[in-house]
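Enquirer: predicted model, plus sequence, below.
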Amino acid sequence: MTYLLILFVIAIALAPLSHFVPSKRQRQIARMREYAAVHGLFVEFRDVPRRQYQDARQRNPVGHDTIYYGKRLKPSRNRGEGARAWLREEEGFVGLERRLAPPSELAGLPPQVLAAGVDEASCGVYWCEAGTVEDVEQIRQVLEQWAGELRG
(Lines give C-alpha, C1' and ligand atoms only; values in the text may rest on other atoms or scores of the structure.)
Protein backbone atom coordinates (compact mmCIF):
# COMPACT_ATOMS: atom_id res chain seq x y z
CA MET A 1 0.00 0.00 0.00
CA THR A 2 2.84 2.36 0.81
CA TYR A 3 4.40 1.77 -2.59
CA LEU A 4 1.15 2.62 -4.34
CA LEU A 5 0.90 5.84 -2.39
CA ILE A 6 4.49 6.77 -3.27
CA LEU A 7 3.85 5.92 -6.94
CA PHE A 8 0.67 8.03 -6.91
CA VAL A 9 2.49 11.05 -5.42
CA ILE A 10 5.29 10.75 -8.01
CA ALA A 11 2.73 10.52 -10.84
CA ILE A 12 0.99 13.67 -9.60
CA ALA A 13 4.33 15.48 -9.38
CA LEU A 14 5.34 14.48 -12.93
CA ALA A 15 1.94 15.08 -14.60
CA PRO A 16 2.53 18.79 -15.36
CA LEU A 17 5.69 17.86 -17.27
CA SER A 18 3.61 15.97 -19.84
CA HIS A 19 2.49 19.35 -21.24
CA PHE A 20 6.04 19.96 -22.46
CA VAL A 21 6.17 16.81 -24.56
CA PRO A 22 5.54 17.81 -28.20
CA SER A 23 2.53 16.36 -29.95
CA LYS A 24 2.74 14.34 -33.15
CA ARG A 25 1.64 17.42 -35.16
CA GLN A 26 4.27 19.64 -33.49
CA ARG A 27 7.01 17.12 -34.31
CA GLN A 28 5.80 16.96 -37.94
CA ILE A 29 5.92 20.77 -38.25
CA ALA A 30 9.39 20.85 -36.69
CA ARG A 31 10.58 18.24 -39.22
CA MET A 32 9.17 20.24 -42.14
CA ARG A 33 10.73 23.50 -40.95
CA GLU A 34 14.08 21.84 -40.30
CA TYR A 35 14.02 20.27 -43.76
CA ALA A 36 13.24 23.65 -45.31
CA ALA A 37 16.05 25.39 -43.40
CA VAL A 38 18.63 22.72 -44.20
CA HIS A 39 17.73 22.97 -47.91
CA GLY A 40 18.10 26.73 -48.23
CA LEU A 41 14.64 28.10 -47.43
CA PHE A 42 13.60 30.38 -44.61
CA VAL A 43 10.38 30.14 -42.66
CA GLU A 44 8.45 32.99 -41.03
CA PHE A 45 4.94 33.99 -40.02
CA ARG A 46 3.30 36.24 -42.61
CA ASP A 47 -0.26 37.18 -43.46
CA VAL A 48 -1.53 35.95 -46.79
CA PRO A 49 -1.77 38.83 -49.29
CA ARG A 50 -5.36 39.74 -50.05
CA ARG A 51 -7.38 42.12 -52.10
CA GLN A 52 -8.61 45.27 -50.39
CA TYR A 53 -12.22 44.08 -50.35
CA GLN A 54 -11.36 40.60 -49.10
CA ASP A 55 -11.90 39.62 -45.47
CA ALA A 56 -8.78 38.23 -43.73
CA ARG A 57 -10.70 35.15 -42.56
CA GLN A 58 -11.33 34.04 -46.15
CA ARG A 59 -7.68 33.19 -46.74
CA ASN A 60 -6.74 31.80 -43.32
CA PRO A 61 -8.45 28.58 -42.32
CA VAL A 62 -9.79 28.89 -38.78
CA GLY A 63 -7.25 28.00 -36.12
CA HIS A 64 -4.21 27.92 -38.38
CA ASP A 65 -1.29 30.29 -38.66
CA THR A 66 -0.08 31.16 -42.10
CA ILE A 67 3.58 30.41 -42.67
CA TYR A 68 5.77 31.79 -45.46
CA TYR A 69 8.41 29.44 -46.90
CA GLY A 70 10.74 31.62 -48.90
CA LYS A 71 13.88 31.56 -51.00
CA ARG A 72 16.14 34.59 -50.62
CA LEU A 73 17.08 36.46 -53.79
CA LYS A 74 20.32 38.29 -54.37
CA PRO A 75 19.90 42.06 -54.70
CA SER A 76 19.50 43.17 -58.28
CA ARG A 77 19.35 46.56 -59.94
CA ASN A 78 17.16 45.17 -62.73
CA ARG A 79 14.36 43.94 -60.48
CA GLY A 80 12.41 47.07 -59.63
CA GLU A 81 8.88 45.77 -60.13
CA GLY A 82 8.03 45.72 -56.41
CA ALA A 83 6.06 43.08 -54.57
CA ARG A 84 3.69 40.86 -56.53
CA ALA A 85 1.39 38.10 -55.30
CA TRP A 86 -0.83 35.37 -56.69
CA LEU A 87 -3.72 33.76 -54.82
CA ARG A 88 -4.87 30.19 -55.33
CA GLU A 89 -8.48 30.02 -56.45
CA GLU A 90 -10.56 27.24 -57.99
CA GLU A 91 -9.11 27.83 -61.46
CA GLY A 92 -5.50 28.04 -60.21
CA PHE A 93 -3.29 30.96 -59.29
CA VAL A 94 -4.68 34.42 -60.00
CA GLY A 95 -2.75 37.65 -59.66
CA LEU A 96 -3.62 39.83 -56.70
CA GLU A 97 -3.93 42.47 -59.36
CA ARG A 98 -5.88 40.54 -61.98
CA ARG A 99 -3.66 41.69 -64.84
CA LEU A 100 -0.62 39.81 -63.46
CA ALA A 101 -0.21 36.42 -65.11
CA PRO A 102 1.07 33.78 -62.68
CA PRO A 103 4.57 32.40 -63.24
CA SER A 104 4.48 28.98 -64.88
CA GLU A 105 6.50 27.51 -62.00
CA LEU A 106 3.53 27.86 -59.62
CA ALA A 107 1.72 25.01 -61.36
CA GLY A 108 4.07 22.56 -59.61
CA LEU A 109 3.06 23.58 -56.08
CA PRO A 110 1.14 21.23 -53.77
CA PRO A 111 -2.59 21.94 -53.38
CA GLN A 112 -2.17 23.07 -49.75
CA VAL A 113 -0.43 26.29 -50.83
CA LEU A 114 -2.73 29.31 -50.39
CA ALA A 115 -0.70 31.94 -52.25
CA ALA A 116 2.70 32.78 -53.71
CA GLY A 117 4.58 36.03 -53.80
CA VAL A 118 7.78 37.75 -54.77
CA ASP A 119 9.38 40.92 -53.46
CA GLU A 120 12.83 42.55 -53.58
CA ALA A 121 14.33 40.06 -51.11
CA SER A 122 12.60 36.73 -51.71
CA CYS A 123 10.11 34.57 -53.53
CA GLY A 124 7.96 32.16 -51.59
CA VAL A 125 4.67 30.54 -50.74
CA TYR A 126 2.06 30.97 -48.03
CA TRP A 127 0.50 27.90 -46.47
CA CYS A 128 -0.68 26.42 -43.15
CA GLU A 129 1.85 23.56 -43.15
CA ALA A 130 -0.91 21.04 -43.78
CA GLY A 131 1.37 18.58 -45.50
CA THR A 132 4.48 16.46 -45.21
CA VAL A 133 8.21 16.74 -45.81
CA GLU A 134 7.55 15.60 -49.39
CA ASP A 135 5.38 18.69 -49.89
CA VAL A 136 8.20 20.86 -48.54
CA GLU A 137 10.57 19.24 -51.05
CA GLN A 138 8.09 19.99 -53.84
CA ILE A 139 7.88 23.62 -52.65
CA ARG A 140 11.69 23.81 -52.48
CA GLN A 141 12.05 22.59 -56.06
CA VAL A 142 9.50 25.10 -57.34
CA LEU A 143 11.13 27.97 -55.43
CA GLU A 144 14.60 27.02 -56.69
CA GLN A 145 13.31 27.04 -60.26
CA TRP A 146 11.40 30.30 -59.74
CA ALA A 147 14.38 32.00 -58.09
CA GLY A 148 16.54 30.93 -61.05
CA GLU A 149 14.05 32.54 -63.44
CA LEU A 150 13.96 35.75 -61.40
CA ARG A 151 17.76 36.00 -61.33
CA GLY A 152 18.09 35.41 -65.06
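Expert: Done, it's in.
Enquirer: mind listing what G82 touches?
Expert: D119, E120 (Cβ atoms under 8 Å, 6 or more residues apart in numbering). The way it works is simple: take the backbone N, C-alpha and C, and place the C-beta from them, glycine included.
Enquirer: mind listing what I139 touches?
Expert: I139 is in contact with A36, L41, Y69, L109, P110, V113, V125, W127, counting by Cβ under 8 Å, 6+ apart.
Enquirer: surely the second one meets K71?
Expert: Yes - counting by Cβ atoms under 8 Å, L41 sits close enough to K71 to count as a contact (5.8 Å).
Enquirer: overlap of the contact sets of those two?
Expert: By the contact definition Cβ under 8 Å, 6+ apart, L41 and K71 are jointly contacted by G124, L143.
Enquirer: what ranges does the protein have for its helices?
Expert: Here the chain has its helices, by DSSP state H, at 2-14, 24-38, 56-59, 133-151.
Enquirer: tilt between the second one and helix 133-151?
Expert: This points to helix 24-38. Interaxial angle, helix 24-38 versus helix 133-151 (axes from the mean of the first three to the mean of the last three Cα atoms, to 10 degrees): 30 degrees.
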